[in-house]
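Enquirer: sequence first, then the predicted structure:
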Amino acid sequence: MRAPARVCQSCSENWGKRVPDTAPETAPDNAPDNAPETAPDAAGSQEKEQPRRRQARGERRIAQLLEAAASVFCTTGYTAASTNAIAREAGVSPGTLYQFFPNKEAIAIELGGRLMHEMRETYGEALAPVAPATPLEEAVGAAVDRFIAFNCEHPVFFALMHGPDIPGRVAEQHDALHTTLLSRIEDLLASLLPDTPPAALTRTAHMCLGIYKSGLELVLGHEGAERDAYVEELKDVLIRYLRPLMGDRPGQG
């Protein structure tokens with residue numbers, strides 16, 4: 001299901017600053033003939049700096065194009081997006097875009113790869129096992145808050161990963177991410193439910209992730225206080241689902 005377009009208002013804030021299309025790619029070669037000669041060491045240093053500057057400009061341009069692609073994918077979806085629309089959003093010519101990406105799929109693959117790298121860092125922190133006496137509300141709240149923060153900061157992640165026609169390579173990477181994510185959720189649940197059989201932990205992890213994904217679209221579809229209210233509702237649903245499984249553990253009121 002596609003999240004409403006308005007959830008992507010923050011796309012333009014997360015992929016670097018835009019670089020004017022008129023920015024020169026190399027320094028002008030118009031120094032006067034009578035300019036003083038540069039010392040050999042200085043000349044060598046300048047020669048080393050020029051590739052670095054060109055590389056930095058290229059990286060800024062790529063970030064600019066990915067920022068634009070995130071906005072377009074959020075607004076129109078991946079299927080309806082085009083390289084012309086992405087170039088227009090970035091404020092560059094299609095020719096400039098093609099210097100870095102041969103097609104829309106290559107842009108989606110690069111964007112998806114960066115997003116999934118950040119997502120791995122997020123769940124590495126959010127789903128670390130906790131002490132058995134940790135209150136359920138604390139464990140659920142900390143995990144949900146981290147994931148919601150990531151998705152609100154990068155709404156294109158939801159738009160791209162849950163679209164109907166995402167590129168095969170992105171889908172494969174997302175499937176691998178999904179598998180690893182479930183494993184990390186099981187690890188967290190095992191610390192909260194130490195006596196639960198592995199098969200039951202797997203089912204519970206699938207249910208928790210399914211509940212979260214269902215609530216995420218509602219969260220992203222609202223803003224401000226209403227969004228915060230849906231986040232709290234999502235936490236409450238997960239807590240009400242998990243509490244009966246925890247029994248009378250110490251620390252769980």
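Expert: Great, that's in hand.

Enquirer: helix, strand, or coil at residue 195?
Expert: coil (DSSP: H, G, I helix; E, B strand; the rest coil).

Enquirer: burial count for residue 228?
Expert: Residues lying near residue 228 (other Cβ atoms under 10 Å) number 13. Bear in mind the C-beta positions are built from the backbone N, C-alpha and C, glycine included.

Enquirer: report the buried residues of the helix or strand harbouring residue 137.
Expert: Residue 137 belongs to helix 136-153 when assigned by DSSP states H and E. Neighbour-count burial for helix 136-153 flags 136, 139, 140, 141, 142, 143, 144, 147, 148, 150, 151, 152 (criterion: 16 or more other Cβ atoms under 10 Å).

Enquirer: please apply the same query to stretch 109-124.
Expert: 109, 110, 111, 112, 114, 115, 116, 119, 122, 123.

Enquirer: show me those residues that map onto helices.
Expert: 109, 110, 111, 112, 114, 115, 116, 119, 122, 123 (DSSP state H).

Enquirer: ok, the first one - contacts?
Expert: The one in question is residue 109. 167, 169, 170 (Cβ atoms under 8 Å, 6 or more residues apart in numbering).

Enquirer: circling back to that earlier point, could you dump the buried residues of helix 136-153 to CSV with distance to residue 243 and pLDDT?
Expert: Below are those laid out as CSV (distance: Cβ to Cβ, whole Å; pLDDT from 0 to 100):
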residue, distance to residue 243, pLDDT
136, 6, 94
139, 12, 94
140, 10, 96
141, 14, 96
142, 16, 93
143, 15, 93
144, 15, 95
147, 20, 93
148, 21, 94
150, 26, 93
151, 25, 92
152, 27, 92
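
Enquirer: closest one of those residues to residue 222?
Expert: residue 152 (10.7 Å; Cβ to Cβ).

Enquirer: thought that closest one was touching residue 220?
Expert: Yes - the criterion here is Cβ atoms under 8 Å, and residue 152 meets it with residue 220 at 7.1 Å.

Enquirer: between the two, what contacts are shared?
Expert: Common contacts of residue 152 and residue 220, defined by Cβ under 8 Å, 6+ apart, comprise residue 227.

Enquirer: quick one: which helix or strand includes the residue lying closest to residue 101 once chain neighbours are set aside?
Expert: The spatial neighbour of residue 101 that comes closest, neighbours along the chain excluded (Cβ to Cβ, 6 or more residues apart in numbering), is residue 107 at 4.8 Å. Assessed by DSSP H and E, residue 107 sits inside helix 104-126.

Enquirer: off-centre distance for that helix?
Expert: 5 Å (Cα atoms, centre = their mean, to the nearest Å).

Enquirer: follow-up on the earlier one: tabulate the ones in helices among the buried residues of stretch 109-124 (CSV), appending pLDDT.
Expert: Compiled in CSV, those are given as follows (pLDDT from 0 to 100):
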residue, pLDDT
109, 94
110, 95
111, 95
112, 92
114, 93
115, 93
116, 91
119, 89
122, 84
123, 81
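
Enquirer: now those residues as CSV including distance to residue 156?
Expert: Output for those, formatted as CSV (distance: Cβ to Cβ, whole Å):
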residue, distance to residue 156
109, 13
110, 12
111, 7
112, 9
114, 10
115, 7
116, 12
119, 12
122, 15
123, 18
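
Enquirer: for those, which one is nearest residue 243?
Expert: residue 123 (22.7 Å).
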